[in-house]
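S.K.: Sharing a sequence plus its predicted fold:
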Amino acid sequence: MSFSQKYHQLPTFDKHAGEHESLQRKDPRRRRSPFLVIAIIMFLGASIPCIRMARSRAFLSACNSPQRNSSTLANLPSHYTLPSGDKIPSVALGVWQASQGEVGNAVKTALSTGYRHIDGAWIYRNEEEVGQALKASSVPREELWLTSKLWNTFHAPEDIEAALDQSLTKLGTDYLDLYLIHWPVAFKEGTTTLDEDLTADPYPTWQKLEELVDKGKIRNIGISNFNIRRIQNLTANNLKYQPAVNQVELNFWNPQPELLQWSKENGLLLEAYSPLGSDKQVGKSLSVPEVKDIACKLGITPAQVIISWSVQRGTIVLPKSVTPSRIAENLAVFELPQEDFEKLETAATSHAPQRVVNPSAGWKLPFDVFDGQ
């Protein structure tokens, strides 16, 4: 398959690139009163949802064109069926970058709002708080969909089950609905040194994951951040279970139409992380003229336009937020009229793609993990 456009690499933000290094240096001389900090947090917690709601109302009231009532729009699929027969919810709460002390409340809010899909990972370092929120919820375990991911240092077959057990213990469950290979890159145990053999051939890692499916600890297995070449490298083996999903950076700025088309043709479901844009792209995403026009026309918010477009493309969407009003807003998706869907698809695929999350340099890899795009 030919790729007509080259990726424009934006400044990379990936808090996992240096897991053994501190990304923030705190000056011990700068101290603030704990009471002041608490007061600020309480003020922001109370005011931000109100500001968000006011902005949404202000946006819709500023629209010049007649607004269609969103209640007249058709709903998009709430679930997709995986090869196992399991049904995975089409919109999840992503907990990447949700810090300790706030991720638990975000999960509680999501569950009370109607989310049943929580997407996490070992490296996010917040699984214990997520597990506590799940335990405090009245939602039965069989109604939840829990995803976690195998980190790079645990690709050796003998290390995988112990890593999985850590996540299971912290989440307070005896099985995962979905377990992904987080990156197509293996490190040697306890280091960030490249394991060349397991990176070049992930089949031994996959075989162990298949074993854990048979053992009942995992219901579905998949991959993350794999391009077509790396997917084919894995699936060229005699797999007992095919990858159920591939979770990738997928949004207006990095729409990856070739990967999306190839995945549909080969029965592989894509999951879109950073659907509203990575790092500092969110504001720009919500200000795209086509997005704003469609939002005004349909009487929904720009964020709902983008998330709806993503689901309508046939992908699972993983918006992340710790703000209650945004969490609720992101779950409400609607089928866009075909002309509006095509308008947004054309706009997204007409500019040079911009990838943000690429840890290759941070990990000092001798190659780009997305080579072959």
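M.R.: Received the coordinates, thanks.
S.K.: Tell me how many other residues crowd residue 323.
M.R.: Residue 323 has 18 neighbouring residues, counting by other CB atoms under 10 Å. In this view, the C-beta of every residue, glycine as well, is placed from N, C-alpha and C.
S.K.: Against residue 303, how distant is it?
M.R.: 11 Å (CB to CB, to the nearest Å).
S.K.: Over to residue 204?
M.R.: Distance of residue 204 to residue 303, given as CB to CB: 41 Å.
S.K.: These two: who's more crowded?
M.R.: Legend: neighbour count by other CB under 10 Å for residue 204 and residue 303, higher for residue 303 (23 against 16).
S.K.: so what does the helix or strand containing residue 164 touch, helix or strand wise?
M.R.: Taking DSSP states H and E as the definition, residue 164 sits inside helix 157-171. With contacts taken as 3 or more CB pairs under 8 Å, 6 or more residues apart in numbering; DSSP states H and E, helix 157-171 sits against helix 127-136, strand 145-150, helix 203-214.
S.K.: Buried deepest among these, which one?
M.R.: Highest mean neighbour count of the helices and strands packed on helix 157-171: strand 145-150, a mean of 26 (counted as mean count of other CB atoms under 10 Å).
S.K.: any residues touching that one, and which ones?
M.R.: With contacts defined as CB atoms under 8 Å, 6 or more residues apart in numbering, strand 145-150 is touched by 88-89, 92, 116-123, 127, 134, 160, 163-164, 167, 171, 173, 176-182, 205, 209, 224.
S.K.: Strands of this protein, residue ranges please.
M.R.: 8-9, 79-81, 87-89, 93-94, 117-119, 145-150, 178-181, 221-224, 245-249, 269-273, 316-318, 354-355 (DSSP state E).
S.K.: Which one, of those, ends up nearest to residue 296?
M.R.: The minimum distance between residue 296 and these falls on strand 316-318, with 21.9 Å, by CB to CB.
S.K.: which residues are contacting the closest one?
M.R.: Strand 316-318 is contacted from outside by 80, 88-94, 117, 119, 245, 247, 269-273, 275, 307, 310-311, 333, using CB under 8 Å, 6+ apart.
S.K.: now do stretch 203-215
M.R.: Residues outside stretch 203-215 that contact it (CB under 8 Å, 6+ apart) are 150, 155-157, 160-161, 164, 179, 181, 186, 198, 218-221, 234, 237, 239-241.
S.K.: And that stretch, how far out from the chain middle?
M.R.: 23 Å (CA atoms, centre = their mean, to the nearest Å).
S.K.: repeat for stretch 137-144
M.R.: 21 Å.
S.K.: the helices in the chain, which residues?
M.R.: In the chain, the segments counted as helices under DSSP state H are 34-62, 103-113, 127-136, 157-171, 196-200, 203-214, 228-235, 257-265, 282-286, 289-298, 302-312, 324-331, 338-349.
S.K.: How about residue 137: what's its closest non-neighbour residue?
M.R.: Of all residues not flanking residue 137 in the chain, residue 111 sits nearest, at 4.8 Å (CB to CB, 6 or more residues apart in numbering).
S.K.: So that neighbour sits against residue 139, correct?
M.R.: Yes - if you go by CB atoms under 8 Å, residue 111 and residue 139 touch, sitting 5.4 Å apart.
S.K.: The two: who's more crowded?
M.R.: Shown here are residue 111 and residue 139; by other CB under 10 Å, residue 111 has more neighbours (21 against 12).
S.K.: Next, the contact list for that one, please.
M.R.: Residues in contact with residue 111 (CB under 8 Å, 6+ apart) are 133-134, 137, 139.
S.K.: coming back round to it: okay, and the common contacts of residue 323 and residue 303?
M.R.: Here residue 323 and residue 303 have no joint contacts, going by CB under 8 Å, 6+ apart.
S.K.: Just list the residues touching residue 254, thanks.
M.R.: 7, 278, 353-356.
S.K.: related to what we said a few turns ago, from residue 364, how far out is the residue nearest to residue 137?
M.R.: Here residue 111 is placed at a distance of 40 Å from residue 364 (CB to CB).
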